[in-house]
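1. just need the structure, nothing else, for what follows:
(2 chains)
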Amino acid sequence: MPRHPVASRRVLFTALVVVSLLLLTVFFREPATGALHSVQQDGLGALSPLQSLASRAVQPFEDGWRWVGQALRANDENREIRAQLEDLRGQLVTLREASEENERLKGLLDMKQAGIFPQDSTFVVARVIGKSPTKWQSWVQIDKGSAEGIKLNQAVVGATMPVAGSLSGKGLVGKVIAVAAHASQVQLVIDPGSSVAAVVQGTRAEGIVEGTVAGGLLMDYVERDKPVEEKLVVVTSGFGQIFPKGIPIGLVQTVGEVDVNIYKQIEVRPFVDFSSLEEVMVLTSPVTVGAGVESMTSVIPEDPAGKDTGTTTP
Amino acid sequence: MTALTPRLLDIFKLGLIIVAAVAIQTALISRLRILGVTADLFLILVVLVGVSRGAVTGMVFGFVAGLTADVVFLDPVGLRTLVYLVAGFAAGRYVEEFGLANAWVIVLLTAAVSLASQVVYGLVQFATGPEGALFAMVRSQMLPAAVLDGLLAAPLYLSLVRLRVLPAPGASEPSFR
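-> Okay, the predicted model is just below:
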């Protein structure tokens, strides 16, 4: 052992470095069950009670530290969460709209597949882009026109969300009364000027379903000797050559008879909720021939903007 | 026998420092992330012991502290042992050569030693672990750890000197003037 302090320090330093390198070498070369690994595992086992105790002792301080950190971040997080909430509310509205639209379109598809219409029938689905501004008329404007194959007097059906009661929401909407290139006007069956040849299912009582100023349906010209009861279904008879036979119109709501009138007066509650009509389906073939009580023709100038011009000439 | 007593007391104190370091590092410091990293209390203490007690004591303390850290923190045995013994030796030699002008020297010395040790860990990791992590670690681990260790060193040193666990170099404690 050198007596000089610098020399002894160097010797000690060198020895410790060598020991360290030896330890490192042995550690990397020995298997996981080797001596140094075993010492580590024993050390871990011996330390765990201390760690456990210390952890419990420190826990309140750690919680306090975390609480302070959370309190400092709370304001920012609050602002962020509020922004997210607004965003999610917007998405919810959009999704609800999409869901309801999906439901309505599914209703249209159900009607198409129900076998009501002739086998070779084709349809154009259109979106309602305008409505009559006054109660005196009942029509809607749709976003499809002659460019999509729509012509005058074609039948229009629709599906709305089921209204209160047993009505399904699917049924006759009306007919096309004016056509532009990319827009059309549809006269609703509840329009006072509308008349549809109809029949009551079950009794086969025939009559004409007309719109009223109040926005309802009245079935007239039904012979008094024909029995008609409430809640029977009224469908198109097909006699007017515009509407195919069998399209649901509504349910018999009340049946009235007056001595001076040779016909029954039947109130019909329409299947379609016209106040919430957003999509319709136009029956584009087979080609219908406007005639009789169902015939009404008009032409409107092209109005791509789809404004509620109300320029009809019934 | 009477001549050995102070020396034994010193050894006992240094042993106590290691035990306390294990407990504090495990229970407290490892749970606190500052600047995205945790401080290395063992390394700071090694530097402080080297600074206050000289190169020989520093390297021996570094060797024992490193060996303890390797065992209890499941590092490759010998790695921290080597790093700490060099750190203790270097810190002691620096003060023996240049003295301790003020406490800022402790801050800078600890930060430098910490950075050097981080580089060594990084190189070992680079050699034995996934490639490409070394340069990413410089910014995310090495520099912040060096800054943190350096900043913790001065108050810890002053506290240990006031508690008479470590002797002040010379007649008075270092100041931040």
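
2. give me the pLDDT for the residue of the stretch 201-314 of chain A found nearest chain B.
-> Residue of the stretch 201-314 of chain A nearest chain B, by CB to the nearest CB: A:Glu278 (54.7 Å). No exception for glycine: its C-beta is placed from N, CA and C like everyone else's. Looking at A:Glu278, its pLDDT reads 83.

3. which residues touch the nearest residue to it once chain neighbours are set aside?
-> Closest residue in space to A:Glu278, ignoring its immediate chain neighbours: A:Val128 at 5.4 Å, by CB to CB, 6 or more residues apart in numbering or on different chains. Listed by CB atoms under 8 Å, 6 or more residues apart in numbering or on different chains, the contact set of A:Val128 reads A:140-143, A:277-280.

4. wait, B:Ile24 touches B:Asp40, no?
-> No: counting by CB atoms under 8 Å, B:Ile24 does not reach B:Asp40; the two are 11.8 Å apart.

5. neighbour count winner among these two?
-> Neighbours per residue (other CB atoms under 10 Å in any protein chain shown) separate B:Ile24 from B:Asp40, with B:Asp40 holding more: 28 against 15.

6. pull the distance from the longest helix along chain B to the chain's centre.
-> Secondary structure of chain B per DSSP state H: the longest helix is helix B:103-128. Distance of helix B:103-128 from the chain centroid (CA atoms, centre = their mean, to the nearest Å) equals 10 Å.

7. and that helix, what other elements does it pack with?
-> Here helix B:103-128 touches helix B:41-53, helix B:79-98, helix B:133-137, helix B:143-162, going by 3 or more CB pairs under 8 Å, 6 or more residues apart in numbering or on different chains; DSSP states H and E.

8. which helix or strand contains the residue nearest to A:Glu278?
-> Element membership for A:Val128, per DSSP states H and E: strand A:122-131.

9. same question, A:Asn261
-> Following DSSP H and E, there is no helix or strand that holds A:Asn261.

10. how many neighbouring residues does it have?
-> When neighbours are counted by other CB under 10 Å, A:Asn261 comes out with 11.

11. of the contacts of A:Val128, closest to B:Gly58?
-> Distance to B:Gly58 across these (CB to CB) is lowest for A:Glu278, with 83.6 Å.

12. what's the neighbour count on the closest one?
-> Using other CB under 10 Å, A:Glu278 has 17 other residues around it.

13. contacts only, for it.
-> A:101, A:104, A:127-128, A:160.

14. which two of those have the greatest separation?
-> Spatial extent of the contacts of A:Glu278 (CB to CB) is set by the pair A:Arg127 and A:Thr160 at 13.4 Å.

15. one step back: redo the contacts of A:Glu278 as CSV? Include pLDDT.
-> Output for the contacts of A:Glu278, formatted as CSV (pLDDT from 0 to 100):
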residue, pLDDT
A:Glu101, 77
A:Arg104, 73
A:Arg127, 86
A:Val128, 85
A:Thr160, 72
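
16. closest to B:Phe61 out of those residues?
-> Compare each of those with B:Phe61 using CB to CB and the shortest gap goes to A:Glu101, at 76.6 Å.

17. so what's the residue count around the closest one?
-> For A:Glu101, using other CB under 10 Å, the count is 13.

18. same question, A:Ile150
-> Here the count is done by other CB under 10 Å, and A:Ile150 has 24 residues near it.

19. now the one 3 residues further on
-> Taking other CB under 10 Å as the criterion, the count of residues near A:Asn153 is 22.

20. helix/strand/coil for it?
-> Per DSSP: H, G, I helix; E, B strand; the rest coil, the local secondary structure of A:Asn153 is coil.

21. now the end-to-end length of stretch A:205-220.
-> Stretch A:205-220 has its terminal residues 11 Å apart, counting by CA to CA, to the nearest Å.

22. from the rest of the structure, what touches that stretch?
-> Looking at what lies outside stretch A:205-220 - CB under 8 Å, 6+ apart - the contacts are A:135-136, A:138, A:188-200, A:221-223, A:226-228, A:234, A:237, A:239, A:249-250, A:252, A:263-270, A:274, A:293.

23. show me how to select, in ChimeraX, the buried members of these.
-> Buried subset of these, written as a ChimeraX selection, criterion 16 or more other CB atoms under 10 Å in any protein chain shown:
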select /A:138,188,189,190,191,192,194,195,196,197,198,199,200,221,222,228,234,237,239,249,250,252,263,264,265,266,267,268,269,270,274,293
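
24. what residues does the stretch 101-250 of chain A have near chain B?
-> Residues of the stretch 101-250 of chain A lying close to chain B (CB under 8 Å from any CB of the partner chain): none.

25. for chain B, what is the nearest residue in the stretch 101-250 of chain A?
-> Nearest residue of the stretch 101-250 of chain A to chain B (CB to the nearest CB) works out as A:Asn102 at 48.3 Å.

26. residues in contact with B:Leu14?
-> By CB under 8 Å, 6+ apart, B:Leu14 lies in contact with B:49, B:57, B:61, B:64.

27. should've said A:Gln253
-> Listed by CB under 8 Å, 6+ apart, the contact partners of A:Gln253 are A:230, A:266-269.

28. helix/strand/coil for it?
-> Following three-state DSSP, we place A:Gln253 in the strand state.
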